[in-house]
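# quick one: sequence plus predicted model below, questions after.
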Number of protein chains: 2
Amino acid sequence: MENPIREDRDQVFEESLEKIFDLLKEKKYFLARDEILKYNAADIAEMLEEISDENGIRMAVILFRLLPKDTSVDVFSYMSTDDQVDIISEITEKETSSIVEELDFDDKIDILEELPANIVNRILEKTPKNERKQINTFLNYPENSAGSLMTPEFVSLKKDWTVVEALEHIRDVGMEAETVYTLYVRDNSYKLIGIVSLSKLVVSSKDTRMGDIMKTDFVYETVTTDQEEVSEDFKKYDLIAIPVVDKEQRLVGIITVDDILDVIEDEATEDIERMAGVIDMNKTDKKYLDISVWKHTLNRLPWLVILMIAYIFTGLLVKSFDAKLEEMIILVTYMPLVMGTSGNTGSQSATLVIRGFSTGDLETDDWYRILWKEVRVGVLVGLILGGFNFLRIYFLDREPWTLALTVSLAMGIIVILSKVVGSMIPVLVRKMKQDPALIANPLMDCISDALALSVYFLLALKLLHL
Amino acid sequence: MENPIREDRDQVFEESLEKIFDLLKEKKYFLARDEILKYNAADIAEMLEEISDENGIRMAVILFRLLPKDTSVDVFSYMSTDDQVDIISEITEKETSSIVEELDFDDKIDILEELPANIVNRILEKTPKNERKQINTFLNYPENSAGSLMTPEFVSLKKDWTVVEALEHIRDVGMEAETVYTLYVRDNSYKLIGIVSLSKLVVSSKDTRMGDIMKTDFVYETVTTDQEEVSEDFKKYDLIAIPVVDKEQRLVGIITVDDILDVIEDEATEDIERMAGVIDMNKTDKKYLDISVWKHTLNRLPWLVILMIAYIFTGLLVKSFDAKLEEMIILVTYMPLVMGTSGNTGSQSATLVIRGFSTGDLETDDWYRILWKEVRVGVLVGLILGGFNFLRIYFLDREPWTLALTVSLAMGIIVILSKVVGSMIPVLVRKMKQDPALIANPLMDCISDALALSVYFLLALKLLHL
């Protein structure tokens, strides 16, 4: 896409970065700082990351320390958790405490979760007792739950407050809150009974009471709800924040939409990787380059080992057919074609169904509709591929028409079978309450290889009178 | 995840839906409407969709028509574009006009883009000239550009207005706006010069002027920016709205974060499908079940046909080795293992790199780091898989050690090669400014099959003295 303004922006950024690299090389740290301070916190965080990649973390820390204190906290909050941990490992404990203290509550929890226990304890020692208790509660929510995503920095209003009282309260506490665009109305026992939007507040007359303008049919989550369900609600209801309540229906936190953007992307990444047979054994959201060789290996081995074992049986299948193959070695020539096609048609169907489940477009109850669709698609694709292959083998390869028929008939049957198996296995896995993305392409490939070879060999036996 | 409150909610929803199905069967339409009106607009939209799936679109339309007018517009705006088009095809032109009139501007554009030209023209005839002009401009922005995502329903303030004047203006026009949480400050020639958040406004003293509290280092897009870049900015800067300007830097619209949730999900879906070799030939975002068998077939055929052609060469490769294979048919037994492993290790690497590009974790400049990582992972994985296979073939299959060595050495080399090729092809494709996800797993499979068989056969020639 052409976009002059945007390209300018990127180019200016790159030029500044080059300039900073040069300044750092010449040890002109203060000039480098002045250059970097032309940007906003999110851009500075990105620049420090590049500097750390290029010149090592120490150089990034030198620059980081030269930033004005307010800016440095902002910049820190925009960094990835990995970079945050790296920075903390290089700065003094006192600096660490003062940065962590200033972070928004949810960022604080994120970084405390990643730090070694001894550092966490020392930071908590200096935290007021009240907040320490709250932090400990938050650290205990299960990973990927609404509790682990939420922040307690919301504004709650009492039911009988007027607009004037509410606005005054917002002026007092609003600066500390993650959002003041949605306000939460509670009764005296801290139960959440309604929500009011700031826009509603601003357009209402001054003496209206919260109880009269609050919305009571609002969407909320409980602390244990899985983050995937939370993100589905955000998508469905077009929200910018969702309140989170505990078992007693008391408001304990809110989740804002900016945190959900990352969840949606992380969930998609997890799906994609799982489908390709990469399992994140350490449950980190680390970037590709930040994952060690050893961990990369561990993430990829499980499926490859399972595959290796599964291929023992495929091997046995081929071996049982050895004598016949020796008699007619030309059959071997078409083995890669037969196996490749079945694997790929199978993964196409599996992928579409798995993604349909993830986005909520499909439900397991739809299985007969999926099956019926795949059967018809399979017949069409099978006819086309089978037909082409008959022509190719008979006219191009100049093999006997019986062989051409064997291969192309096998292809047709295999395409239909693979589409059926490929689409129904994810349905089954989901019925068993497991993540269908875990039925990765490797397994699909192996199952369809075995299926394909069986069909191919059986047809060859029949049609070629072996 | 256990979540009693949430499960209750789902269950209540399902029970209501069953009740409505029953009421519709008995033709008690008004009772069904009363039941459905217990829910909010997003839930009603979902229910109508289920009713349409179960009882056909006519039944859904009957219920839709019985909804109070305000509700029906809200419900309509929560429906998928497909369902919207279905509804419109069933209701009168007058009903259509009155619904489309009430929609938010960006929803209006979405539905107008999908409707047949004659209906669009008739709707536009009844639209005031001013708005008609605006609609026509919006309909002309390229698909997937910032221009096609934005809405003109924002609040813009003049630089010299005070807080009181600004709040008054918001009260006047705010109800029509998509968001009042971010306000846009313009000069007299309509150029965007700053932004002010509603929260800032609310906590500022009454006679402060916009020029003094506005932020001037804000992020903005131009109308032609691709939606993927827009969503990257939302993620990077944690925003709830981004202003969009034209070439003259005039503010023409804003994009809100709720529209970006769908973009992130759609982009991930596109990536996932492309990687599995499914290409959306019609560029629709239709759901799996809504896509016709014929279109499903068209989406899947291109890669399968390319694959079929590519396998001609793999076939030739195998054929050239025919005589040797006949001599030692046992080599065929391990062909599926060799091909399967190489395909899957290759796709693992390709997937991780492609996803890294999509999320912005990787850049093409990182290619040597990626290569070095993959080589080391390849060596480790290759050693482990090769070692296991040697033991298996020698001890379990009781084949001669020379054969065991051939297969396991081939495995080791193939794993390394596949990881290198699998990770570098996406880098090359991206260097050529194409979407690396288009180098789908089918092609990876085919390339690695050919590579694997070459290595395997060559090693066999050498080591087994064939």
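Noted; the coordinates are in hand. Treat the numbers as computed from the prediction; the structure is a model and nothing was measured. Residues are numbered from 1 along each chain as shown, chains lettered A, B, ... in the order given.

# who's in contact with stretch A:271-285?
A:81, A:143, A:266, A:270, A:291, A:295, A:298-300, A:302-304, A:307, A:350-351, A:354-355, A:358, A:435, A:437-438, A:440-443, B:268, B:271-272, B:275-276, B:344, B:347-348, B:350-352, B:355, B:441 (Cβ atoms under 8 Å, 6 or more residues apart in numbering or on different chains). Quick note: C-beta positions are derived from backbone N, CA and C, even for glycine.

# give me the PyMOL select line for the residues you listed, limited to the buried ones.
For anyone working in PyMOL, the buried entries among those, judged by 16 or more other Cβ atoms under 10 Å in any protein chain shown, can be selected with:
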select buried, (chain A and resi 81+266+270+291+295+298+299+300+303+304+307+350+351+354+355+358+435+437+438+440+441+442+443) or (chain B and resi 268+271+272+275+276+344+347+348+350+351+352+355+441)
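
# from the contacts of stretch A:271-285, which land in helices?
Judged by DSSP state H, those include A:81, A:266, A:270, A:295, A:298-300, A:302-304, A:307, A:350-351, A:354-355, A:358, A:441-443, B:268, B:271-272, B:275, B:344, B:347-348, B:350-352, B:355, B:441 as members of helices.

# which parts of the stretch 101-250 of chain A sit against chain B?
On the criterion Cβ under 8 Å from any Cβ of the partner chain, chain B has as its neighbours in the stretch 101-250 of chain A the residues A:142, A:145, A:167, A:170-171, A:174-175, A:180-181, A:198-199, A:202-203, A:217, A:221-222, A:224-226, A:229, A:231, A:234-240, A:245, A:247.

# separate out the buried members of those.
The neighbour-count test (16+ other Cβ under 10 Å) marks A:145, A:167, A:170, A:174, A:180-181, A:198-199, A:202-203, A:221-222, A:224-226, A:231, A:234-240, A:245 as buried among those.

# which bits of the stretch 351-466 of chain A sit near chain B?
Near chain B, when you scan the stretch 351-466 of chain A using Cβ under 8 Å from any Cβ, you find A:351-353, A:355-356, A:359, A:361-362, A:366, A:369-370, A:373, A:376-377, A:380-381, A:384-385, A:388-389, A:392, A:396-397, A:441-442, A:445-446, A:449, A:453.

# show the buried residues in those residues.
Buried, going by 16+ other Cβ under 10 Å: A:351-353, A:355-356, A:359, A:361-362, A:366, A:370, A:373, A:376-377, A:380-381, A:384-385, A:388-389, A:392, A:397, A:441-442, A:445-446, A:449, A:453, out of those.

# report the contact partners of A:Ile240.
If you count contacts by Cβ under 8 Å, 6+ apart, A:Ile240 has them with A:179, A:181-182, A:256-257, B:181, B:240, B:257-258.

# phi, psi of it?
Per-residue torsions, A:Ile240: phi -110, psi -10 (degrees, to the nearest 10).

# pLDDT wise, what is it at?
Listed pLDDT for A:Ile240 reads 82.

# show me where pLDDT drops low in the stretch 1-150 of chain A?
Counting by pLDDT under 70, the stretch 1-150 of chain A contains low-confidence ranges at A:1-7.

# quick one: the strands in chain A?
Per DSSP state E, chain A carries strands over the ranges A:156-158, A:182-186, A:192-197, A:221-222, A:241-245, A:251-256.

# closest to A:Ile123 out of the contacts of A:Ile240?
Looking at these and their distance to A:Ile123, the nearest is A:Thr256, at 24.2 Å (Cβ to Cβ).

# mind listing the residues bridging to that closest one?
Partner residues in beta bridges with A:Thr256: A:Ala241, with DSSP bridges as the criterion.

# for it, which residues are in contact?
With contacts defined as Cβ under 8 Å, 6+ apart, the neighbours of A:Thr256 are A:151, A:178-179, A:240-241.

# quick one: which of those residues is nearest B:Ala45?
Using Cβ to Cβ, A:Ile240 is the member of those that lies nearest B:Ala45, at 19.3 Å.

# next one: phi and psi at A:Lys433?
Dihedral angles phi and psi of A:Lys433 (degrees, to the nearest 10) take the values phi 60, psi 30.

# got a pLDDT number for it?
At A:Lys433, the predicted lDDT confidence score is 84.

# measure it to A:Trp367 for me?
Counting by Cβ to Cβ, to the nearest Å, the gap from A:Lys433 to A:Trp367 is 15 Å.

# now do A:Val353
9 Å.

# any common contacting residues for these two?
With contacts taken as Cβ under 8 Å, 6+ apart, the residues that reach both A:Val353 and A:Trp367 are A:Val427.

# redo the contacts of A:Ile240 as CSV? Include distance to A:Ile413.
Formatted as CSV, those follow (distance: Cβ to Cβ, whole Å):
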residue, distance to A:Ile413
A:Thr179, 58
A:Tyr181, 59
A:Thr182, 57
A:Thr256, 53
A:Val257, 49
B:Tyr181, 59
B:Ile240, 54
B:Val257, 49
B:Asp258, 47
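
# A:Leu316 - how many residues pack around it?
For A:Leu316, the number of neighbouring residues by other Cβ atoms under 10 Å in any protein chain shown comes to 13.

# quick check: pLDDT value at it.
Reading off the confidence values, A:Leu316 has pLDDT 86.

# state the distance from it to chain B.
For A:Leu316, the distance to chain B under the criterion Cβ to the nearest Cβ, to the nearest Å works out to 8 Å.

# state the pLDDT value of the nearest residue to A:Leu337 once chain neighbours are set aside.
Closest residue in space to A:Leu337, ignoring its immediate chain neighbours: B:Tyr311 at 4.1 Å, by Cβ to Cβ, 6 or more residues apart in numbering or on different chains. B:Tyr311 carries a pLDDT value of 84.

# and the longest helix anywhere in chain A, what does it pack onto?
Across chain A, the longest stretch assigned as helix under DSSP H is helix A:401-431. Applying 3 or more Cβ pairs under 8 Å, 6 or more residues apart in numbering or on different chains; DSSP states H and E, one finds that helix A:401-431 makes contact with helix A:335-359, helix A:367-391, helix A:441-463.
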